[in-house]
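Asker: Got a predicted model here, sequence first, then my questions.
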Amino acid sequence: MENQKPLLRAEDLSKRYEDGVLALDHINLEVRAGEVYCLLGANGAGKTTTINLFLNFIPPTTGTCYINGIDVTKDPLEAKKYVSFVSENVMLYGNFTARQNLDFFAKLGGKRDLDKEAYYQVMRRVSLQEKAFEQRVKNFSKGMRQKLGISIAIIKDAPAVLLDEPTAGLDPKAAEEFLEILAELRGEGKAILMSTHDIFRAKEIGDRVGIMKEGRLVMERSREELQYEDLVKIYIDYMKSEPLTA
Amino acid sequence: MLKNILKREIQHNLYSLRFMISLVLVLGVFIAGALSFVRNHEEALEKDRVARAEFLDKMKADAASNATVLAVTKRNYPLRPRDNGFISDAKEKYLPNEIVFSAWNVFSFRSRSGTVNPFLTKHDELNWSFIVGLIVSFVALLFTFDAVSGEKESKTLALELSNSVSRGTLLFGKYLSAIVSILFVVVPGVLLSLLIILVFGRAQFTPTLAAETAGFLLAAVLMAASFAAFGLLSSVLARNANVSLLMALSFWLLFAVVIPNSSAFIAKRFYPIESSETVQAKVNAALEDLSKNAPPGSWSMRYSNPFMPLHELRANLQRKRLQADKEIRDAYYRDMFRQFERARFLVALSPMADFEYLTEAVVGGGYLRFRKVWDDLHIYQEQLLAFFQALDARDANSPHWYNPNEDVSTTRKPVAFEEVPAFQEKPMSFADRLSSSFKYLIVNIVFIAVIYALSFLLFVRYDVR
């Protein structure tokens, strides 16, 4: 894995907002194929900002994000061909059925020749109930919507996946199912960058875990290293420590 | 990519409650408007038949009396109710519908009375122009006000833009789909209304009507595109749909209600003209001056003796008085027309007003029609005068002292009514309608381009998170 070219790479990435807040402070990280990288941190630590910078939703103040080696600022449309995105609590289009939502986003992601059965297969894969396939999404629970959200990411079949707090608000069973799907995607060689508050699930799924505090990546550990360390203790110690800017 | 976005957005609109409500409302009003036209137009035509018959009977009686009476009598030419009034009434109920003329002058214009209840409007208002102008402009806003801010709230905007789709394509797809969705509301309404009117025999489906319908739909698309652009602008100006809705409503009030109804204020403030009282005072002063300075005997008259020498003085004075009156009033009318045209050009900055002017041109009605009849009547008046003077010249018993107001010193021979030049209002030609609509078409397109460009620039910088 070490020798592979990283599919997601942040290089000296900083973001200072117009109000002067430094949301991200010279971050460097890489995610390779078949790897799940979990970004842990409190609210405002910079996890979501990192993902937004990868998606070119906001321009960086310094540094560069690369997706499959493509600078996302210089060629965002090309870069986005290689990434899927699952956000926290996505509502999707309520007056569309699950299949219609999937169909729209699949086509937007460049998959134009899929038939109904292909959509059904993906929805079965994420354990969405069969009867929900042709139901309008406005009546879906949050767990169902998140499953559909990951279906959208799966059907695009991009080599990299960005997930922003995907398990927030999910019940334990739904969150567990969600992680199983992530593990499958990792097995397929996807590079996955996930921001989360959930230390336990980060430890469970993450091949590497980074802890962010006040815009900085203050710690990074591999799965192997975490076998001998208590991630919860490390995380709490960092959160309790003096503010970095003090 | 655009096709995919268009398809989704159109489906999204068609599945929405706002579409259903709009469709039911618009179809209902179109049907009510058509049925109302069917009922009221026949009544309006009957009144017109009576007024026109009175006009012709009086003219025939005058011709039978003598040619001078025919020439000097003031007549009120009635403007006929338009058969395409169901497309747009072009606010003709607020315009003069009678023009006062004689062979010597086109004097003035006035509004014909005759409504059963003066507190009621003279014509029905539920025409296509009214329905589209008021309701569809609002519907256009409803289809776009949350196109961006609503999707930001539901996080689908971020999901869309996480794909390799440009913001320009996405915004254009949303905009175009809103316009197409509006057509799904307007076109069935127009067709249904047309069908009712054709079935009841109130109109014939001619190439002219087809062209007018197509022209109306083009104007409607432009108007809908303008308000859809306002909705889009509201959507990218706000971070949530509620604020967007408030902004969109503000735009609607300003551009659909306030500006179109401010032409009188604009006219008075920026292009003031003399009041009618001032003009009347000027006329009175000029006439008094002429009378005072007229040679002695200029007011003498003996009906039994056309050749009485003083009749020449009388005729000269009457012609001078007519000329003075005409010069002052014609200048006043020109000022009125210029003031009206300038004010309406400023008001055309509102897409709603622009739409009204476009539909007015499409149907060949309203002010444009009035001006054409006014100008054509001036030509007719000159023809009538030339006809009368030729008759008079052939009469050895006439002293040929032209008095524009009285039957005292010109021919007293009767004239066959069939020989008298007739005035027939000609509908505006296609070329005239096109040239009248051109500037409003350009203003509308530029307006849409500016609002859309502004929306695009804001959307490029829009925080989609």
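Answerer: Sure, I can see it. Numbering: from 1, shown residues only, chains lettered A, B, ... in the order given.

Asker: what pLDDT does B:H123 get?
Answerer: Note for B:H123: predicted pLDDT of 50.

Asker: So the nearest residue to B:N97 once chain neighbours are set aside versus chain A, what's the distance?
Answerer: Of all residues not flanking B:N97 in the chain, B:L79 sits nearest, at 4.5 Å (C-beta to C-beta, 6 or more residues apart in numbering or on different chains). All C-beta spots, glycine's among them, are computed from the backbone N, C-alpha and C. B:L79 sits at a distance of 50 Å from chain A (criterion: C-beta to the nearest C-beta, to the nearest Å).

Asker: count of residues packed around B:L79?
Answerer: B:L79 is flanked by 20 other residues according to other C-beta atoms under 10 Å in any protein chain shown.

Asker: same question, A:R124
Answerer: 13.

Asker: what about it, helix or strand, and which?
Answerer: helix A:116-125 (DSSP states H and E).

Asker: mean confidence for that helix?
Answerer: 91.

Asker: now that helix, how far from the chain's geometric center?
Answerer: With C-alpha atoms, centre = their mean, to the nearest Å as the basis, helix A:116-125 stands 22 Å off its chain's centre.

Asker: Next: stretch B:40-57.
Answerer: On C-alpha atoms, centre = their mean, the centre of stretch B:40-57 falls 21 Å from the chain's centre.

Asker: Likewise for stretch B:436-450?
Answerer: Between the centre of stretch B:436-450 and the centre of its chain there are 18 Å (C-alpha atoms, centre = their mean).

Asker: how about B:P404, what does it touch?
Answerer: Going by C-beta atoms under 8 Å, 6 or more residues apart in numbering or on different chains, B:P404 touches B:72, B:102, B:104-105, B:318-319, B:322.

Asker: go again using 10 Å as the cut-off
Answerer: B:71-72, B:102-105, B:315, B:318-319, B:321-323, B:325-326, B:385, B:410 (C-beta atoms under 10 Å, 6 or more residues apart in numbering or on different chains).

Asker: just B:L346 next, same as before
Answerer: B:L346 sits next to B:259, B:262-263, B:266-267, B:270-271, B:353 when contact means C-beta under 10 Å, 6+ apart.

Asker: Can you say which of those are buried?
Answerer: B:259, B:262-263, B:266-267, B:353 (16 or more other C-beta atoms under 10 Å in any protein chain shown).

Asker: all strands for the stretch 101-250 of chain B, in order.
Answerer: B:106-110 (DSSP state E, counting those that start in this stretch).

Asker: now the helices for it?
Answerer: B:128-131, B:137-144, B:149-153, B:156-161, B:167-199, B:207-237, B:241-252 (DSSP state H, counting those that start in this stretch).

Asker: quick one: which of those is nearest B:L2?
Answerer: Proximity to B:L2 (C-beta to C-beta) singles out helix B:167-199 among the helices of the stretch 101-250 of chain B, at 5.3 Å.

Asker: and that closest one with helix B:137-144, angle?
Answerer: Taking axes from the mean of the first three to the mean of the last three C-alpha atoms, to 10 degrees, one finds helix B:167-199 and helix B:137-144 inclined to each other by 140 degrees.

Asker: quick one: the residue sitting nearest the centre point of chain B and chain A, what's the gap?
Answerer: The centroid of chain B falls nearest to B:G366 when counting by C-alpha atoms, centre = their mean (2.4 Å). B:G366 is 42 Å from chain A, where distance means C-beta to the nearest C-beta.

Asker: That residue - nearest residue in space that isn't next to it in sequence?
Answerer: That would be B:A90: by C-beta to C-beta, 6+ apart, it lies 2.8 Å from B:G366.

Asker: Tell me which helix or strand A:V161 sits in.
Answerer: strand A:160-164.

Asker: Turn the contacts of B:L346 into CSV, columns for pLDDT.
Answerer: Formatted as CSV, the contacts of B:L346 follow (pLDDT from 0 to 100):
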residue, pLDDT
B:I259, 91
B:S262, 89
B:S263, 86
B:I266, 87
B:A267, 88
B:F270, 89
B:Y271, 91
B:A353, 92
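
Asker: Quick check, B:E274 in contact with B:D335.
Answerer: Yes. With contact defined as C-beta atoms under 10 Å, B:E274 reaches B:D335; the gap is 7.1 Å.

Asker: ok so, going back, now do the strand holding A:V161, average pLDDT.
Answerer: The average of the pLDDT scores along strand A:160-164 is 93.

Asker: Name the residues of the stretch 151-300 of chain B found near chain A, please.
Answerer: Contacts of the stretch 151-300 of chain B with chain A, taken as C-beta under 10 Å from any C-beta of the partner chain, map to B:151, B:153-167, B:169-170.

Asker: again, only using 7 Å
Answerer: Selection of the stretch 151-300 of chain B residues close to chain A by C-beta under 7 Å from any C-beta of the partner chain yields B:154-156, B:158-166.

Asker: In ChimeraX, how would I select just the buried ones from these?
Answerer: Listed next is the ChimeraX selection for buried residues among those, using 16+ other C-beta under 10 Å:
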select /B:154,155,156,158,159,160,161,162,163,164,165
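
Asker: separation between the residue most central in space within chain A and chain B?
Answerer: By C-alpha atoms, centre = their mean, chain A has its centre lying nearest to A:L163, at 1.6 Å. A:L163 sits 11 Å away from chain B, going by C-beta to the nearest C-beta.

Asker: next helix or strand past the helix holding A:R124?
Answerer: helix A:142-156.

Asker: Residues contacting that following helix, please?
Answerer: A:84-86, A:89-92, A:98, A:101-102, A:105-106, A:109, A:111, A:122-123, A:125-128, A:132, A:137, A:161, A:166, A:169-171, A:174, A:178, A:181 (C-beta atoms under 7 Å, 6 or more residues apart in numbering or on different chains).
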